[in-house]
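Novice: return a 3D structure for these sequence lines:
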Amino acid sequence: MLAFGIDAVDDRLAAGGLAVGGMHEVAGASTSLADDAAATLFIAGVAARFVAASTGQALWATTRFDLYAPGLEQAGLRPADVLYAELRDDNALLALIEDAVRDGSPAVVIGEVRRASMVATRRLQLAAAARGVPVILFRRWRKLGREPFEEPSAASTRWRVGCAPSTPLRVAGVGRSRWAVDLVRQRGGEACSWIVEGCDATGRLAVPAPARHRAAAQAGTSQHLAA
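Specialist: Alright, predicted model coming up:
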């Protein structure tokens, strides 16, 4: 089990975290590039932490290679920690990642798909449970109005990730990204939603500081700049 290290999140998960021997699904909250990037970085952060807890590498399979390695590294997934595979279609991709899971070598297997049948997801879930290799399916949007989670799935958890407004800064600059994370479905538990700060360089999320703490921190920054 991989805990997020955030009580507000882990306490709502039936397993106390993400099951290592499980298949998990993630989708962007919308068709926007910003939400797609947020979901990608969420996956990268989770994958980075699975790699850190293992001796293997991550395998990231896709049918359209549009990943940006420096961005993934900022979320904790270093180039040396991941192998990429580009396949011709979803069927070939699903076959590859199932073989990789059954081999047992990767620390985590990620597959970007637009379609995956109930049978395919059940096979991945069973393979993950048998070999103790986590699987993350990135359900990409197919077209406007076709929600990625409209198809049934055997996934242990299903997550929807999108951008959320960041805390306004008193000084010019770019603050830490903030995401709206919805646990759409989990086995043995209820759906939940959180606002979190995006992955740091180790792949960890954070809970935004309460408003009064932010105000105190910003006041301290202003005094320091004035001095």
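Novice: any idea how far the nearest residue to residue 63 once chain neighbours are set aside is from residue 200?
Specialist: Excluding the flanking residues, the one nearest residue 63 by Cβ to Cβ, 6 or more residues apart in numbering is residue 87, at 5.4 Å. For glycine as for every other residue, the C-beta is placed from the backbone atoms N, C-alpha and C. Counting by Cβ to Cβ, to the nearest Å, the gap from residue 87 to residue 200 is 31 Å.
Novice: pretty sure the residue nearest to residue 63 is touching residue 65, no?
Specialist: No: Residue 87 lies out of contact with residue 65 (Cβ atoms under 8 Å); the separation is 10.1 Å.
Novice: neighbour count: these two, which is higher?
Specialist: Comparing residue 87 with residue 65 by neighbour count (other Cβ atoms under 10 Å), the higher total belongs to residue 87, at 19 against 10.
Novice: what pLDDT does the model give the residue nearest to residue 63?
Specialist: At residue 87, the model reports a pLDDT of 95.
Novice: ok, residue 5 next?
Specialist: You'll see residue 5 listed with a pLDDT of 93.
Novice: and the helices in this structure?
Specialist: Counting by DSSP state H, residue ranges of the helices within the chain are 7-10, 33-52, 69-74, 90-103, 118-131, 211-226.
Novice: how about the second one: buried residues?
Specialist: By neighbour count, and taking 16 or more other Cβ atoms under 10 Å as the criterion, the buried residues in helix 33-52 are 35-51.
Novice: so which elements touch that helix?
Specialist: Other elements packing on helix 33-52 under the criterion 3 or more Cβ pairs under 8 Å, 6 or more residues apart in numbering; DSSP states H and E are strand 23-28, strand 58-62, helix 69-74, strand 108-113, strand 135-139, strand 157-164, strand 178-186.
Novice: tell me the mean pLDDT over it?
Specialist: 96.
Novice: by how many degrees do it and strand 58-62 diverge?
Specialist: Using axes from the mean of the first three to the mean of the last three Cα atoms, to 10 degrees, the direction of helix 33-52 lies 150 degrees away from that of strand 58-62.
Novice: got it, and the fourth one?
Specialist: Taking the same axes, to 10 degrees, one finds that helix 90-103 is oriented at 170 degrees with respect to strand 58-62.
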